[in-house]
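> when you get a sec, could you give me coordinates for this:
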Amino acid sequence: MRRQRSARILATLGPASSSPERIRALAEAGADVFRLNFSHGSHEDHAERLRAIREIERELGRPIGVLMDLQGPKLRIGKLAGGKVLLEAGARFRLDLNPAEGSVERANLPHPEIFAALEAGTELLLDDGKLRLRVDAFGPDFADTTVLVGGTLSDRKGVNVPGVVLPISPLTAKDRADLAYGLELGVDWVALSFVQRPEDIREARELIGDRAWIMAKLEKPAAIEHLDAIVALADGVMVARGDLGVELPPQQVPVLQRRIVRAARRAGRPVVIATQMLESMITAPVPTRAEASDVATAIYDGADAVMLSAESASGAYPVEAVEIMDRIIGEVERDPAWRAGLDASHVPAQANTPDAICCALRRTVELLEPAATVAFTASGFSSLRASRERPPAPILALTPRLSTARRLALAWGVHPVPFEEVGDVGEMVEHAAQAAVANGFAQPGDSVVVIAGLPFGRSGSTNLLHVARVPSTTV
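You can find the predicted model right below:
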């Protein structure tokens with residue numbers, strides 16, 4: 001089950017991929033981490049899927065990460081008389097707190113926090129941007145608007161307020177209940193929706209603590225204004241291109257994607273590219289050439305992982321989607337231009353001991369061309385700092401914590417292996433050589449580069465680099 005690639009695949013589970021047999025097929029096809037989307041399904045559905053993942057993990061002998069994706073606030077209009085109305089461009093249209101059914105003249109918007117954040121001239125997007133309104137006048141319980149782009153508006157359609165920071169928590173009552181349940185189940189990552197500012201990450205951290213790593217979903221333009229601060233506080237980031245593409249012109253999304261990837265790589269945080277990567281494979285057995293190019297672009301940019309949503313959750317070809325994504329990644333990583341691009345986009349190390357060690361690790365690997373690097377890590381810190389350097393040799397992460405191994409399944413180039421504690425440097429080198437051979441990374445006579453922190457077991461103390469040769473007696 002060793003992956004012959006550095007980038008990872010995150011696959012969403014759903015109605016098309018709920019059975020243990022299908023989940024196993026996805027893992028064997030190349031899925032490294034599974035996403036449980038708490039916008040859909042019951043707690044029992046997610047618990048059953050997670051139990052299946054853990055059983056498959058034991059059978060395959062490979063740590064598998066599980067990410068729970070919180071729904072976040074959903075801003076929607078209320079009901080309309082007859083279920084829908086036709087709004088004409090240039091017409092006047094009011095949004096208010098009145099719960100009565102709407103008409104062609106007004107609709108209920110049960111979100112006072114939106115009215116509190118409005119300014120004259122603010123544009124409101126309805127139904128994923130299909131309709132566009134301009135705010136002309138407003139108060140604490142209403143907004144009078146002009147329809148800029150008209151069309152049919154149906155019940156309960158979503159509302160987006162681009163460019164405005166809404167005074168709203170990213171965690172609804174539903175999210176808090178889901179979060180408590182997911183943490184009890186033992187998820188490894190929590191994807192936080194509706195992130196607008198650094199305080200949103202702090203709020204989630206108070207609830208989650210160290211029970212899981214937090215992935216900030218960057219789907220709001222307001223978050224981009226605080227990008228570096230959000231990246232620094234989160235454990236990973238997701239480029240949620242669907243919502244970004246609603247609130248921003250589509251031509252800006254690719255530019256922001258690259259900016260976010262660079263910021264995450266600079267900080268050493270895993271970054272996932274998500275939404276519509278192989279969208280046509282929901283109904284077709286092969287992707288479009290444009291979709292294949294989209295996946296490839298994310299890999300050339302150095303993203304840690306690419307994600308399948310409906311393709312694997314509800315599509316007709318979930319396993320084939322993972323297989324094709326695996327092949328696209330492999331093809332890109334065999335291209336010499338991919339390695340040259342990673343080297344050209346490499347970001348300087350920070351002025352601290354762990355980064356100095358990992359910077360030296362990268363240079364040592366380039367000069368000596370070892371079979372593998374081996375990082376002893378308890379918290380995952382050493383492996384993530386090594387991954388940040390994008391070394392040209394696989395990173396074997398040996399950790400005494402299964403939870404850490406599962407979290408690291410999302411990190412670029414990292415092959416996590418649960419392992420026992422070591423007592424001294426000699427034992428560490430011996431175990432590193434044994435693990436590299438046992439997991440198919442090295443052969444007797446090969447060299448491996450080892451990094452660790454002394455004293456052992458202290459998080460963030462990476463301060464040792466050792467070059468070792470695998471003895472001929474290693475089994």
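> can you give me the helices for the stretch 201-350 of the chain?
221-224, 227-233, 241-247, 253-267, 289-300, 310-313, 318-333, 336-344 (DSSP state H, counting those that start in this stretch).
> how about low-confidence regions in this protein?
Filtered on pLDDT under 70, the chain yields the residue ranges 1, 457, 473-475.
> for the longest helix out of those in it, output the C-alpha coordinates as CSV.
Ordering each helix of the chain by length in residues (DSSP state H) puts helix 43-60 first. C-alpha atoms of helix 43-60 as CSV (Å, rounded to 0.1, in the frame of the first residue of the first chain):
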residue,chain,number,x,y,z
HIS,A,43,-24.7,10.8,12.7
GLU,A,44,-25.3,7.1,12.4
ASP,A,45,-24.3,7.2,8.7
HIS,A,46,-21.0,8.9,9.5
ALA,A,47,-20.3,6.6,12.5
GLU,A,48,-20.9,3.5,10.3
ARG,A,49,-18.5,4.9,7.6
LEU,A,50,-15.8,5.7,10.1
ARG,A,51,-16.0,2.2,11.6
ALA,A,52,-15.6,0.8,8.1
ILE,A,53,-12.6,3.0,7.5
ARG,A,54,-10.9,1.9,10.7
GLU,A,55,-11.5,-1.8,9.9
ILE,A,56,-10.0,-1.3,6.4
GLU,A,57,-7.1,0.5,7.9
ARG,A,58,-6.3,-2.5,10.0
GLU,A,59,-6.6,-4.8,7.1
LEU,A,60,-4.4,-2.8,4.8
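> whichever helix or strand comes after that helix pairs with which strands, and in what direction?
Per DSSP states H and E, the first helix or strand lying C-terminal to helix 43-60 is strand 65-69. Strand pairing for strand 65-69, determined by DSSP bridges: strand 33-37 (parallel), strand 189-192 (parallel).
> so which of those strands is the most packed in?
Highest mean neighbour count of those: strand 189-192, a mean of 27 (counted as mean count of other CB atoms under 10 Å). Quick note: C-beta positions are derived from backbone N, CA and C, even for glycine.
> run the chain-centre distance for that one.
Taking CA atoms, centre = their mean, to the nearest Å, one finds the center of strand 189-192 at 8 Å from the center of the full chain.
> how about residues contacting that strand?
The contact list for strand 189-192 (CB atoms under 8 Å, 6 or more residues apart in numbering) reads 33, 35, 65-70, 72, 170-171, 179, 182-183, 200-201, 204, 208, 212-217, 234-236, 238, 407, 410.
> of those residues, just the buried ones, ChimeraX syntax please.
ChimeraX command restricting the contacts of strand 189-192 to the buried ones, with burial defined by 16 or more other CB atoms under 10 Å:
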select :33,35,65,66,67,68,69,70,72,170,171,179,182,183,200,201,204,208,212,213,214,215,216,217,234,235,236,238,407,410
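> before we move on, the earlier item: tell me which of the helices of the stretch 201-350 of the chain sits nearest to residue 115.
The closest of those to residue 115 is helix 221-224. By CB to CB, the value is 17.4 Å.
> now do that closest one: which elements does it pack against?
In terms of contacts (3 or more CB pairs under 8 Å, 6 or more residues apart in numbering; DSSP states H and E), helix 221-224 is packed against helix 253-267.
> got the buried residues for the helix it packs on?
Within helix 253-267, the residues that qualify as buried are 253, 256, 257, 258, 260, 261, 262, 263, 264, 265, 267, counting by 16+ other CB under 10 Å.
> between those residues, which is nearest residue 456?
Closest to residue 456, out of all of the buried residues of helix 253-267 and judged by CB to CB, is residue 267, at 25.8 Å.
> just checking, that closest one touches residue 232?
Yes. Applying CB atoms under 8 Å, one finds residue 267 in contact with residue 232, separated by 5.9 Å.
> one step back: what's the most buried one of the helices of the stretch 201-350 of the chain?
Across the helices of the stretch 201-350 of the chain, averaging neighbours per residue (mean count of other CB under 10 Å) puts helix 310-313 on top, at a mean of 26.
> contacts made by that helix with the rest, please.
Against helix 310-313 from outside (CB under 8 Å, 6+ apart): 11-17, 26, 31, 37, 277-279, 281-282, 317-318, 321-322.
> could you do stretch 89-99 as well?
77-78, 87, 104-110, 112, 115, 124, 133, 141-150.
> from those residues, which land in helices?
Per DSSP H, the contacts of stretch 89-99 map to helices at 112, 115.
> for ChimeraX, write the selection for the buried entries among the contacts of stretch 89-99.
The buried subset of the contacts of stretch 89-99, as determined by 16+ other CB under 10 Å, is captured in ChimeraX by this line:
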select :77,78,87,106,107,108,109,115,124,133,142,143,144,145,147,150
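> drop anything exposed from the contacts of helix 310-313.
Using 16+ other CB under 10 Å, the buried ones in these are 11-14, 16-17, 26, 31, 37, 277-279, 281-282, 317-318, 321-322.
> ok, residue 392 touching residue 364?
No. Using CB under 8 Å, residue 392 is not in contact with residue 364, being 11.0 Å away.
> and those two? Which one has more around it.
The neighbour comparison of residue 392 against residue 364 (other CB atoms under 10 Å) goes to residue 364, with 19 against 16.
> checking the more buried one next. Helix, strand or coil?
Following DSSP: H, G, I helix; E, B strand; the rest coil, we place residue 364 in the helix state.
> ok, it touching residue 467?
Yes. Counting by CB under 8 Å, residue 364 does reach residue 467; the two are 6.7 Å apart.
> what do those two both touch?
370, 449.
> rewinding a little: can you lay out the strands paired with strand 65-69 as JSON lines showing distance to residue 312?
Converted to JSON lines, the strands paired with strand 65-69 look like this (distance: least, CB to CB, whole Å):
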{"stretch": "strand 33-37", "distance to residue 312": "9"}
{"stretch": "strand 189-192", "distance to residue 312": "16"}
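> would you mind measuring from residue 142 to residue 264?
41 Å (CB to CB, to the nearest Å).
> equivalent analysis for residue 468, please.
For residue 468 relative to residue 264 (CB to CB), the value is 31 Å.
> what do you get for residue 302?
According to CB to CB, residue 302 and residue 264 sit 9 Å apart.
> residue 304 now?
Residue 304 is 8 Å from residue 264, where distance means CB to CB.
> helix, strand, or coil at residue 95?
Under three-state DSSP, residue 95 comes out as strand.
> show me the beta-bridge partners of it.
With DSSP bridges as the rule, residue 95 is bridged to residue 107, residue 143.
> before I go, just wanted to say thanks for your time.
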